[in-house]
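In: Based on what follows, work out the 3D shape:
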Amino acid sequence: MSKRMSAVMLLIGLFVRTAYAGGLLTNTNQSIAFLRNFAREGTIGIDGVYTNPAGVAFLPKGFHLSLNVQNVYQTRDITSSITVPSLQGTPFYQPFRLNGANDNGEKLFRGKASVPVLPSFQAAIVYDKWTVQAGFGLTGGGGKATFNKGLPSFERQIALVPALLYSQGLTTTTPSYSVSSNIKGQQYDFGFQLGISYKVNDHLAVYGGARFNYIYNKYLGNITNISANINGDNVNLHDYFETQARTYEQMAFYYKMRSSEMTDATAKAKYDAAAQQAQAGADKMNQTKEMFADKYLDCNQTGWGITPVIGIDYKTGRWNIGARYEFTTKFNIENDTKVDNTGLFADGVNTHNDIPGILAIGTQYEILKNLRAMVSWHYYFDKDARMDHGKQKALSGNTQEYLAGMEWDITKDITISAGGQRTKYGLGNGAYLSDMSFVTSSYSVGLGAKVRIAKNMNLNVAYFWTNYDTFHKEYDQTITAAGQSVETHNTDAFTRTNKVLGVGVDIDF
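Out: This is a model prediction of the structure:
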């Protein structure tokens, strides 16, 4: 029984881990004009309420309104493996192969995210010198992601179970394990911006304002029916150890009854000791079965903060130059946990969830009266934004984006445009990344058109897609319990896809 007790304690140790949510979640796609040409910081238009708020002062006098709807679809792929060097040459060397991995021991975990309707609006009232502006959009997050097969960090713990059971005599000729797991997450950062721009003269305008951010995250998940092959049968481990516990309890009851019947002190002590040992076994089995019990999570997170925003725009001849600076927003989010059998999201806990500051600069050059070229640069102050447990310190540098685009007025009523964007994250060795939240560097391409459909109304349509790099991460993990340890080598390959279709109207009054 001592060997089985060691296995029990080691199995308990396998299920002790911590997970953190959060990440780089800034959305810059706040208008359809952006979708068809990303480099908007140097342009003048109603979409500038977000991209170039100072430049909005140069719009014609009157009221301007832009209404936008986007449809977003994403996938998030994690291809993971786990190897146990000490078990090379055995079926347990690459544990994921015991539950659907390929011949290299790699298993794909795919999350799907969609936002059927992503709304935003920009509005401005332009006077001679002053302009009052307002805008609303999802400035971070903005979708639902579902991993129907769970996440590798959870399954790695379970994948080691067959080897540990085997090492303690619970053998089988067909080792395997299985688990039902489903993880769903929602992340929304609602941003409402108000500000005022002032036209200093015919060439220069400035802006000051603020964005109110309200964050709402929701996490739902379950890990159920953890099973492994024991003696040729695939058994639910919770039920298996419950049966073992009942067996020990029956043994304890039997030894206690025999002890009560004994008149000889030596025999009585022998049965008492056996009863205590059996009861200890029952207690350990009951403790172990809870490690394999079905687990559920239902947690909401909320928080709010205010982002000051300033901007400047300068126009001369064929050139226009615009810039804005968004200050780092410092605030926390709080857990409102209804169910948490995992111990990962304690109710009432506050965690850092700052929004990184942004410096955005761009310019536009009018090549011809009907042909314009634009370039922009974005710099995110990620390392200044506090994250849970100082996660931002694992970044090797701040994010930078390089953007370029062109617009061509085919006629006075039809404009087509296209643009590209390169996003470079400072991910270092990948310690920042986890399967709970990850980003990778990417290339994006967008194209679309603006069509005048009435004297004071334009229709915008656009489509853009993003090609993400694959980031490869390798790391070693040591799990120790009851004097035993398991050394593993893990790999993760992170990548994503992103496709967005947008339609909107711009109206001048």
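In: other SSEs contacting the longest strand along the chain?
Out: Secondary structure of the chain read by DSSP state E shows that its longest strand is strand 204-230. On a contact count with 3 or more CB pairs under 8 Å, 6 or more residues apart in numbering; DSSP states H and E, strand 204-230 meets strand 130-147, helix 161-167, strand 177-199, strand 233-236, helix 237-261, strand 295-316. To be clear about C-beta, it is placed using only N, CA and C from the backbone, and glycine gets the same treatment.
In: how near is the spatially most central residue of the chain to residue 304?
Out: When the chain is reduced to its mean C-alpha position, the nearest residue by CA atoms, centre = their mean turns out to be residue 437, at 3.1 Å. Remark: distance between residue 437 and residue 304 (CB to CB, to the nearest Å) = 20 Å.
In: do the same with residue 56
Out: From residue 56 to residue 304 the distance is 26 Å (CB to CB).
In: More neighbours: which of the two?
Out: Between residue 56 and residue 304, counted using other CB atoms under 10 Å, the more crowded position is residue 56 (30 against 15).
In: Pairing partners for the spatially closest residue to residue 388 that is not a sequence neighbour in the sheet, please.
Out: Take residue 388 and drop its neighbours on the chain: the residue closest to it by CB to CB, 6 or more residues apart in numbering is residue 351, 4.2 Å away. The bridge-partner assignment for residue 351, based on DSSP bridges, gives residue 333.
In: Please, where are all the helices along this protein?
Out: Here the chain has its helices, by DSSP state H, at 2-14, 32-36, 48-51, 152-159, 161-167, 237-261, 265-291.
In: taking the ones you listed together, which one is wrapped up most tightly?
Out: Ranked by mean neighbour count, the helices of the chain are led by helix 48-51 with a mean of 30 (mean count of other CB atoms under 10 Å).
In: sorry, back to before: with respect to residue 42, which of the helices of the chain lies nearest?
Out: helix 48-51 (9.1 Å; CB to CB).
In: low-confidence ranges in the stretch 301-450 of the chain?
Out: In the predicted model, the stretch 301-450 of the chain carries no residue with pLDDT under 70.
In: Around residue 347, how many other residues sit close by?
Out: 12.
In: hang on, the earlier thing: pull up the pairing partners for the longest strand of the chain, direction included.
Out: Using DSSP bridges, the strands paired with strand 204-230 are strand 177-199 (antiparallel), strand 233-236 (antiparallel), strand 295-316 (antiparallel).
In: List the buried residues in that strand.
Out: For strand 204-230, the neighbour count (16 or more other CB atoms under 10 Å) marks 204-207, 209-211, 213, 215-224, 226-230 as buried.
In: And for stretch 352-366?
Out: Counting neighbours by 16+ other CB under 10 Å, stretch 352-366 gives 352, 353, 354, 355, 356, 357, 358, 360, 361, 362, 363, 364 as buried.
In: Return the distance of it from the chain's centre.
Out: Distance of stretch 352-366 from the chain centroid (CA atoms, centre = their mean, to the nearest Å) equals 22 Å.
In: measure the nearest residue to residue 446 once chain neighbours are set aside to residue 236 for me?
Out: Nearest-residue entry for residue 446: residue 464, 3.2 Å, with adjacent residues in sequence omitted and distances by CB to CB, 6+ apart. According to CB to CB, residue 464 stands 47 Å off from residue 236.
In: Residue 502 now?
Out: Residue 502 is 48 Å from residue 236, by CB to CB.
In: of those two, who's got more company?
Out: residue 502 (25 against 17).
In: if we can go back for a sec, tell me which of the helices and strands packed on strand 204-230 lies nearest to residue 459.
Out: strand 130-147 (19.3 Å).
In: Quickly list what the residue nearest to the centre of the chain is bridged to.
Out: Beta-bridge partners, per DSSP bridges, of residue 437: residue 434.
In: what's the distance between it and residue 151?
Out: 11 Å.
In: Good, wrapping up.
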